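In: Any chance you could fold what I've pasted below:
(one chain, ligands or ions: 2)
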Amino acid sequence: MPTAAQNIPVRNGNSANELSRSVSNSFNPTYENLSTSPTASFSSPPNSYGGVGGSRASTKQLKPFHTQDIKVLLLENVNLSGQDILRKQGYQVEAIKSSLPEDQLIEKIQDVHVIGIRSKTQLSADVLKHAKNLIVIGCFCIGTNQVDLKFAADAGICVFNSPFSNSRSVAEQMIGEIICLARQIGDRSNELHRGVWNKVSAGCWEVRGKTLGIVGYGHVGAQLSVLAESMGMKVIYYDVVNLMGLGTATQVGSLNELLQGSDFVTLHVPELAETKNLISEAQIAQMKNGSYLLNASRGSVVDIAALIKGMKEGKLAGAALDVFPNEPAGNGEHFHNQLNSWAEELRGLKNLILTPHIGGSTEEAQSAIGVEVADALVKYVNMGITSGAVNMPEVTLRHLTQDEPNHVRVIYIHKNVPGVLRRVNEILGNHNVDKQMTDSRGDVAYLMADISSVNTSEIKELYQSLEDLGSRIRTRVLY
Ligand SMILES: NC(=O)c1ccc[n+]([C@@H]2O[C@H](COP(=O)([O-])OP(=O)(O)OC[C@H]3O[C@@H](n4cnc5c(N)ncnc54)[C@H](O)[C@@H]3O)[C@@H](O)[C@H]2O)c1
Ligand SMILES: O=C(O)CC[C@@H](O)C(=O)O
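Out: Ligands and ions are numbered 1, 2, ... in the order given. Have a look, this model is predicted:
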């Protein structure tokens, strides 16, 4: 393994010792084959870089590597807004439109430092154990159920998502679907596409005055609540947490109470063990005769066989499904029984809106998600900042500035066991610790410290001392 000084390439006749520390050199033996970049000057941070304190003009960018050597794999058509931010950093970005079969994913994940996915790609422990260089995962969506968050944290891999950038898009889709179901617009449109004029009013309703029951009153549920009320609907909601209702929306005490009182039931809960088949035969039986069911949460939340039964028996007058237990890797003619055994039966049902998981698929949402998640990835890769992480403690320190040329940022992800901080601070204690923050989440703790007066030649020893502690999960030294 090279020393930090050896790690600095000699350019323009400068020796490592002559290199000005006003450039952003850093060291992380995770990247032992990577060089630092004495030519890179970051006095003007890229636009993507949101500040967390300190003046932008004097911010010193920290990087443990030659940015061109950072490999990023983006799957599932991550928006160009996000791709551009990552490319502007100089990272090597490979963007693929679909998700990958597990064997190809394992092959590709072996040497990337950053992976960006959406809802389809399963980053299970079996996949992640092959990800030897991976330091961070970006979920360019809300849901993070597709990632083994605990395995990732235990391996020192930080996970980010975009908690609400597509909430409005989902809520608007729900409003559209509620009206379409109430008026059977999908069926009328399909008929007319086949040349059939079928002007009917039987079983078609206004939504004004009807009750919308929202299961899960989080970001999506709350947005939907406001929109529905503005159309004259009455809103009730059920959530496992006590939440203030917006407008005149009222929380009910049980799922059954919601099911019994709603004309439309819409599901906005995360995928959890407790939400698997949350709506099955017994719950549909509780619903009003001729009511409607909408699911844009996760495919596991509704027992589809029970929904088909409810539709066929006329208990449900209509339904809208945006999510399915199995979803294809990419676009194409995939919605057959090979994907889900009941797919073709569903396709034959009347007043059933089927959409390919597009609740959050608008230009606005995807562009905002691209920026939000890519920014979080850059801050993590370049500065170690974990604000917004979903599986690690949220730790940030204000920027180092160009006035602090010999400062080094130490990031130490470690097992959350007694005595670690004392040992880490013994190691850091040879320098002045300017600022430090540490926090824990479950079994994993994250320490970030800015220490001053560090010679380049001392960095490797500092790194190695931290690596040698039994509590170590991952050490990064950025400078
Ligand atoms: N179709 C799409 O394109 C799309 C887009 C965005 C989100 N989603 C899905 O929708 C889900 C909800 O999104 P959100 O942003 O509103 O999430 P959120 O985390 O803001 O809200 C979820 C709410 O569900 C509640 N909840 C959890 N378990 C519950 C249970 N058993 N019963 C009742 N309530 C429960 C939580 O307390 C929380 O208030 C996401 O987890 C995601 O899976 C789908
Ligand atoms: O865009 C996606 O793939 C997922 C959308 C949605 O389900 C989410 O979790 O944000």
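
In: Where does pLDDT dip in this structure?
Out: 1-57, 63-65 (pLDDT under 70).

In: and with 90 instead?
Out: Filtered on pLDDT under 90, the chain yields the residue ranges 1-69, 399-406, 429-430, 453, 455-457, 479.

In: Now do the same contact list for the residue positioned nearest the centre of it.
Out: Computing the C-alpha centroid of the chain and ranking residues by CA atoms, centre = their mean puts Asn161 first, at 2.2 Å. Contact analysis of Asn161 by CB atoms under 8 Å, 6 or more residues apart in numbering lists 138-144, 373, 388, 390. C-beta coordinates here come from the backbone N, C-alpha and C atoms, glycine included.

In: Which residues of the stretch 51-200 of the chain lie near ligand 2?
Out: Within reach of ligand 2 by CB under 6 Å from any ligand atom, the stretch 51-200 of the chain has these residues: 118-119, 141-143, 166.

In: residues from this protein in reach of ligand 1?
Out: Contact residues (CB under 6 Å from any ligand atom) of the chain with ligand 1: 142-143, 166-167, 170, 215-221, 238-241, 268-272, 274-275, 296-298, 322-323, 357, 359-360.

In: Write the PyMOL selection for whichever of the residues you listed are buried.
Out: Per 16 or more other CB atoms under 10 Å, the buried members of those correspond to this PyMOL selection:
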select buried, resi 142+143+166+167+170+215+216+217+218+219+220+221+238+239+268+269+271+275+296+297+298+322+323+357+359+360
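
In: Let's see which of the residues of the chain next to ligand 1 end up in strands.
Out: Cross-referencing the residues of the chain next to ligand 1 against strands under DSSP state E gives 215, 238.

In: And Ile451, how far from Thr475?
Out: 14 Å (CB to CB, to the nearest Å).

In: overlap in contacts of the two?
Out: Val410.

In: Now for the contacts of Asn161: which two are most distant?
Out: Gly143 and Gly388 (15.2 Å; CB to CB).

In: Tell me how far Val215 lies from ligand 2.
Out: Distance of Val215 to ligand 2, computed by CB to the nearest ligand atom, to the nearest Å: 16 Å.

In: what's the answer for His407, then?
Out: Relative to ligand 2, and taking CB to the nearest ligand atom, His407 is found at 38 Å.

In: OK, contacts around that residue?
Out: For His407, the contact set (CB under 8 Å, 6+ apart) comprises 60, 400, 434, 450-452, 454, 479.

In: Repeat the analysis, applying 7 Å as the threshold.
Out: 400, 434, 450-452 (CB atoms under 7 Å, 6 or more residues apart in numbering).

In: farthest pair in these?
Out: The distance between the two most remote of these (CB to CB) is 10.5 Å, for Leu400 and Ile451.

In: quick one, what contacts the residue in the stretch 201-350 of the chain positioned nearest to ligand 2?
Out: Here the stretch 201-350 of the chain gets closest to ligand 2 at one residue, Val323, 6.8 Å apart by CB to the nearest ligand atom. For Val323, the contact set (CB under 7 Å, 6+ apart) comprises 295-299, 357.

In: That one: what's its closest spatial neighbour, skipping adjacent residues?
Out: Spatial nearest neighbour of Val323, excluding adjacent residues (CB to CB, 6 or more residues apart in numbering): Gly299 at 4.5 Å.

In: contacting residues for the one you found?
Out: 323-325, 327.

In: For ligand 1, see how far away Leu74 is.
Out: From Leu74 across to ligand 1, the span is 18 Å (CB to the nearest ligand atom).

In: which residues does that residue contact?
Out: Leu74 neighbours (CB under 7 Å, 6+ apart): 83, 93-96, 116.

In: Buried subset of those residues as a ChimeraX selection?
Out: Buried members of the contacts of Leu74, defined by 16+ other CB under 10 Å, are picked up in ChimeraX with:
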select :83,93,95,116
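
In: so can I have CSV of the contacts of Leu74 showing secondary structure and distance to Ile279?
Out: Listed next are those as CSV, based on DSSP: H, G, I helix; E, B strand; the rest coil; distance: CB to CB, whole Å:
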residue, secondary structure, distance to Ile279
Gln83, helix, 37
Val93, strand, 40
Glu94, strand, 39
Ala95, strand, 36
Ile96, coil, 34
Gly116, strand, 32
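
In: out of the contacts of Leu74, which one sits closest to Gly332?
Out: Distances from Gly332 to the contacts of Leu74, taken by CB to CB, are shortest for Ile96, at 15.0 Å.

In: Leaving out the residues flanking it, which one is nearest to the closest one?
Out: Closest to Ile96 by CB to CB, 6+ apart is Leu75, at 5.3 Å.

In: Tell me, how many residues neighbour Ala305?
Out: For Ala305, the neighbour count with other CB atoms under 10 Å is 14.

In: Could I get the contacting residues of it?
Out: By CB under 7 Å, 6+ apart, Ala305 lies in contact with Trp342.

In: Okay, it and Leu224: tell me how far apart.
Out: Applying CB to CB, the value for Ala305 to Leu224 is 27 Å.

In: Just give me the closest of the contacts of Leu74 to ligand 1.
Out: The closest of these to ligand 1 turns out to be Gly116 (CB to the nearest ligand atom; 16.7 Å).

In: is it true that the closest one touches Val78?
Out: Yes: between Gly116 and Val78 there is a contact at 5.0 Å, judged by CB atoms under 7 Å.

In: which residues are common contacts for those two?
Out: Phe140.

In: For ligand 1, what's the nearest residue on the stretch 251-400 of the chain?
Out: Across the stretch 251-400 of the chain, no residue is closer to ligand 1 than Gly359, which sits at 2.8 Å (CB to the nearest ligand atom).

In: shouldn't that residue be in contact with Gln173?
Out: Yes: assessed by CB under 7 Å, Gly359 is found in contact with Gln173 at 5.1 Å.

In: if I look at those two, which residues touch both of them?
Out: Each of Ala296 lies in contact with both Gly359 and Gln173 under the rule CB under 7 Å, 6+ apart.

In: Now list the buried members of the contacts of His407.
Out: 400, 450-451.

In: export those to a markdown table and tack on secondary structure and distance to Leu346?
Out: Formatted as a markdown table, these follow (three-state DSSP; distance: CB to CB, whole Å):
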| residue | secondary structure | distance to Leu346 |
| --- | --- | --- |
| Leu400 | coil | 56 |
| Asp450 | strand | 56 |
| Ile451 | strand | 60 |
